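A.B. asks: Here is a sequence together with a model predicted from it:
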Amino acid sequence: MMSEPLLTIKNLHVGFDIYGGHLKVLDGVNFTAGKGEKVGLVGETGCGKTTTMKAVMRILPIPPARVRDGEIGYKGKDLLRVNLKRTRGVKGKGISMIFQDPTAALNPVFTVGRQLMDVVKYSTGDDRSGDKIRDRAISALKDVAMPDPERILSNYPIQLSGGMRQRICIAMALVTGSELLIADEPTTSLDVTIQDQVLRLLGNLVEEKGNSTVLITHSLGIVREWTDRVYVMYAGNMVEASPTKELFSKPLHPYTQGLMKAVPKLTGEGIAEGVTGRIPNYLTPPPGCRFHPRCPHVIPICEQERPPFFDVGDAHQVACYLYKE
Amino acid sequence: MRMGIFLLKRLGYSIFVLFGLSILVFIIARIMPGDPARLALGPRAPEWAVQRVRESMYLDKPLYAQYAYWLRDFVRGDFGESLFTRREVAQDIKEFLPATIELALFSGVIMAFFGILLGSISARYSNTWVDNVVRVGSYVGVCTPSFVFAVFFMLVFGYVLHILPSIGRLSAGVTKPPVITGMIVFDGLITGNFHAVGDTLWHLIMPGVALALGGMSQEARITRSAMSDNLQKDYIAAERAQGIPERVINLRYLLKPSLIPTVSILGLDFAALLANAFIVELIFNWPGMSRYGINAMLRKDLNAIIAVIMVMGIVFIIMNIIVDIVVTFLDPRIRLGAERSK
Amino acid sequence: MTQNSQPTFWSRKREGFGRGWYKFSRNPLSIVGLSLILLIAFLAAFAPFVTPYPKHAGVFVNFAEASQSPSLKYLFGTDVFGRDILSRIFFGFRFSLLMGVVVLVLVVPPGVILGLVAGYFKGSWIDTVIMRITDIFLAVPPLILALAICSVLTPNIFNAMLAVSLMWWPWYTRLVYGLASSLRNEFFVEAAELTGAGRLHILFKEILPNCVSPIFTKMSLDMGWVILIGATLSFVGLGVQPPKPGLGTMVADGRIYMPDQWWITVFPALAIMFVVLGFNLLGDGLRDLFAVEEV
């Protein structure tokens, strides 16, 4: 059912060295994205979604970050162990990323054209003439439905609206011709009216070009509409992985269930509840399953050992001892 | 066209500031107790000579009248007569100003170039020994007055090691090239007198570096901190993620935004350089306007004092305008105003 | 109402100070700076008691022991009059610190007040007049005008302080102007205005407290710069006059005896550097401290 895997993260441990000690953020993350798949990654702010993807992109700030264990497989190579210079090809041609805040993701003192054309130039590797590069840039802008792309090339980011900036970032990500696209909350910093527009655009492009996409978000609504498969993340662990429809019809992990309950239903039954408690402190995280202090169904083993993924039905996995066969 | 209007406005404003400055300086020069004419000529000069000087400086007229006369003359280029060199101050300044500009340009270039270079290296090799050496060095450089550096250099390179000349601008026996710009380095290059060019450069090293060290340290610190900050920015990560090579990022995408605070400071540092030149020129006996100025101050040569300060003011204002223009080019956000949409 | 359970103004201040000190002390360089300044202040204050040869600071000659290189007896050597350099440096700190303190005391209140007024009334003629005058004073680097003023007055340390003060106040006006003019748009100011608070109250009780941190940081850094300018003035003979032991004066004194009797110049020069270094480190530490708090 799941297509050929493109990106495989196994047992990734990433920590941050800070003044007071060491933050154990990612605690053995497992993640797979297949060819042409649209995978969602859901979780609260601070649960480690962006950190995971930054590790994949090799743009974690090292130091203070440290990859303590694990492997990231992409097209047969372990990204963590490959020489940085050789991952050049991976970054450009393999994986690209769209950041959360388009304003911060664009260099304010250079024109859009300069940045976009540089991306074209350095990601394709072959020496194209200046004109061809420019044409490619313009066609990339047309792909993201930018009005008057030639004029946009000579504009600075500050002259454009938030929605336009994000579309430029999308254009930059797609022009590299990468097979895997990581979108880190691409619409969070945009106006609600634009969010839909940009998401729709992204969706169309992905369908057209057949990229695999990892969509990071904290919005269940977006996940439901947009993705084929979803990972739910909590405090540095993946707690549940499932095809989207099944996640919403049959959430299994107590955390996922809590998340679902937190979203008010249109049918108007009852009031939305939250999940009690807070995300743990990464300096001294709880032993065993990191969710156990907040879990309504906690059993003794939860406090001792971190639960691995247990298979439950078709491509559905849960990291919870309740489902141990 | 916007640049033209901006320039015009700045110029108009600058003239106003210069005007105010002239009033300020004039007041300073005239509040001195005692009789300037008598002081200049000495206690043994005959009374009629002193009276003549008094009249030439309009000292018996009320203050505002004195100022009016002075202003009228100044705008015409008549800065009065120096009470000591007995020449027109304007002539003195014309003779000495190019040497100061030569020194200032030399120092300024060293200051900017090496400051930015060291700062970049320091940021690139953050937290290694290179970084630490540069940081400590630049801290010390900022805290030490120029005259201390000047005296040390003279001691070490001039006297002990005997490799650099301690006095003056041109060694005896070297012919000075004909005056085109007044700056020996340029005049020599233009007229092909390379011997003079080399000799002057050799003389420029100690005073130039002594002057430059303070500003250079400041530039290094600011460049380093700006680069460090910008390295954390999202757009750098994004550029890396998009596959842009590290070299291009460092030389272009990181450098340009980091230069903005540096260049803004450059103006202030250059001003400090001009001010410290007063001392350094004195120490090295560099025949510049600053040495002329401080000697005038020490000898209470009023006309010269006023003229030197006004010229300094003009130089400083021009320089500030240049810095502002450069910064505007570097940072389009200033040019385009806050056109902020979400 | 429930006054006693609320933290009082002073207890909050004490707690804030405690937290501030904790943050400040995290940076070892700031502690170095603070220690350096405290040491120098101590040496300056108790100079007559801690120097080995207190009389050397004044008029004193002892040609028998003149021009001695550094030794156990005279740690930094003696000058051509036989005066101990180390002792003179300690007394020299007095002049330096005095200069810094006096100038700041003279400069900060008027500078800050002018800045507050100009910033609060931004856009009016008051603003224009004050800031234009400020611009005029800032048209040339302060050292130049200070030199000029000193040259027309009798050269001594008091006139030097006066000259530097006259050139220094505009920096504070500019700083506070920038702060005040943005602060006055904040809601708490508007609220105070609406409740009929008088202008004085707004300026001093609402706006000023929010400017205190940058002002303090600047004051700490400025101590260093003022001392530096003072030393420069003394160096050219316009500040502390010989035979008094100003640090800049001593550097100038020793210049003619270079390079043989290098210690006469080198040690006072190093002393200047350390004083400025101390205040810079302190000021940087304060700046880091306040910057973090604002986040």
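C.D. replies: Nice, I can see it.

A.B. asks: Next SSE downstream of the lowest-mean-pLDDT helix or strand in chain B?
C.D. replies: Per-element confidence for chain B was summarised using mean pLDDT, DSSP states H and E. The lowest value among helices and strands belongs to helix B:36-41, with a mean of 67. Later in the chain than helix B:36-41, the nearest helix or strand by DSSP states H and E is helix B:47-56.

A.B. asks: buried residues in that following helix?
C.D. replies: Judged by neighbour count (16 or more other C-beta atoms under 10 Å in any protein chain shown), helix B:47-56 contains these buried residues: B:50, B:53, B:54. Bear in mind the C-beta positions are built from the backbone N, C-alpha and C, glycine included.

A.B. asks: again, but for stretch B:144-161
C.D. replies: Of the residues in stretch B:144-161, those with enough neighbours to count as buried (16+ other C-beta under 10 Å) are B:144-155, B:157-158.

A.B. asks: Where is pLDDT lowest across those?
C.D. replies: Ranked by pLDDT, the buried residues of stretch B:144-161 bottom out at residue B:158, which has 77.

A.B. asks: OK, contacts around the closest residue to it other than its chain neighbours?
C.D. replies: Once its chain neighbours are removed from consideration, residue B:158 has its nearest residue in residue B:166; the separation is 3.6 Å (C-beta to C-beta, 6 or more residues apart in numbering or on different chains). Residues in contact with residue B:166 (C-beta atoms under 8 Å, 6 or more residues apart in numbering or on different chains) are B:154, B:158, B:159, B:206, B:284.

A.B. asks: in chain C, which spans are strands?
C.D. replies: In chain order, chain C shows no strands, with DSSP state E as the criterion.

A.B. asks: What helix or strand is the closest residue to residue C:133 other than its chain neighbours located in?
C.D. replies: In space, not counting the residues next to it along the chain, residue C:133 is nearest to residue B:20; the distance is 7.3 Å by C-beta to C-beta, 6+ apart. Residue B:20 is part of helix B:2-30, with elements assigned from DSSP H and E.

A.B. asks: Which elements pack onto that helix?
C.D. replies: helix B:63-75, helix B:302-330, helix C:125-137, helix C:142-152 (3 or more C-beta pairs under 8 Å, 6 or more residues apart in numbering or on different chains; DSSP states H and E).

A.B. asks: Just put those helices in a markdown table and tack on mean neighbour count.
C.D. replies: Written out in a markdown table, the entries for the helices and strands packed on helix B:2-30 read as follows (neighbours: other C-beta atoms under 10 Å in any protein chain shown):
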| stretch | mean neighbour count |
| --- | --- |
| helix B:63-75 | 14 |
| helix B:302-330 | 20 |
| helix C:125-137 | 16 |
| helix C:142-152 | 25 |
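
A.B. asks: what's near enough to touch residue A:57?
C.D. replies: Applying C-beta under 8 Å, 6+ apart, the residues near residue A:57 are A:91, A:95, A:97, A:182, B:240, B:241.

A.B. asks: again, only using 7 Å
C.D. replies: If you count contacts by C-beta atoms under 7 Å, 6 or more residues apart in numbering or on different chains, residue A:57 has them with A:91, A:95, A:97, A:182, B:241.

A.B. asks: Likewise for residue A:48?
C.D. replies: For residue A:48, the contacting residues are A:25, A:26, A:233, A:236, by C-beta under 7 Å, 6+ apart.

A.B. asks: Please list the members of those residues that lie in strands.
C.D. replies: Counting by DSSP E, those place A:25, A:26, A:233 in strands.

A.B. asks: Let's see if you can find the most crowded of the residues you listed.
C.D. replies: Neighbour counts for the ones in strands among the contacts of residue A:48 were taken using other C-beta atoms under 10 Å in any protein chain shown; the highest belongs to residue A:26, with 29 neighbours.
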